[in-house]
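Enquirer: Pasted the sequence and its predicted model underneath.
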Amino acid sequence: MRAKRKKHIPVVLTINEVQQIIYYMNGIYKLMLQLLYGCGLRLNELLNLRIKDIDFGFDNVYIFDSKSQKDRVVPLPQKIKEDLKIHIKEIRKIHQDDLLKGFGKIMRFHVLASTFIFHHRGGKTFIHKIRFLRIDLLVGWIFYYS
């Protein structure tokens, strides 16, 4: 005999509630929330989104290796298109400045079981803003924390 599975009722926000939440957000967090809601992205898909995955010509966002290792295409909301272009322009400027300073490696910072694990991301430019960097003189690496 097996235990019965509990049925969980999903919590769904109304359109008005979502608009209020987005209204009170600002900066990159507002843009991230607009992308999550407007494109129907999962959180991991948003965090792995790269500049090359956004097609402003066809107004599409390409999601690679999402749930079940499937790729998909979602429409880019027109309301956030200009804000996203401005943000990408700022990130490209930061990236170019870093390249001029000799910082070419991007490391992502993850916390797993109270241990710091560093993943080399192959020099890819991600959309989220880099918060600060740490130069590890013992190892000779430059770590970017996002």
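Expert: Perfect, thanks for sending it.

Enquirer: where in this structure is pLDDT low?
Expert: For the chain, applying pLDDT under 70 flags the ranges 104-146.

Enquirer: pull the longest helix from it.
Expert: Longest helix in the chain, counting residues (DSSP state H): helix 81-100.

Enquirer: For the protein, which residue occupies the most central location?
Expert: Leu47 (2.8 Å; C-alpha atoms, centre = their mean).

Enquirer: For Gly38, see how far away that one is.
Expert: Relative to Gly38, Leu47 is positioned 16 Å away (C-beta to C-beta, to the nearest Å). No exception for glycine: its C-beta is placed from N, CA and C like everyone else's.

Enquirer: Pull out the buried positions in stretch 6-22.
Expert: Neighbour counts over stretch 6-22 (16 or more other C-beta atoms under 10 Å) mark Ile22 as buried.

Enquirer: Contacts for it next, please.
Expert: Defining contact as C-beta atoms under 8 Å, 6 or more residues apart in numbering, one finds that stretch 6-22 is touched by 30, 33-34, 37.

Enquirer: Need these in a markdown table (columns: distance to Leu43).
Expert: Listed next are these as a markdown table, based on distance: C-beta to C-beta, whole Å:
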| residue | distance to Leu43 |
| --- | --- |
| Lys30 | 16 |
| Leu33 | 11 |
| Gln34 | 14 |
| Tyr37 | 12 |
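
Enquirer: Show me the helices in the protein, by range?
Expert: 15-24, 27-39, 43-47, 81-100.
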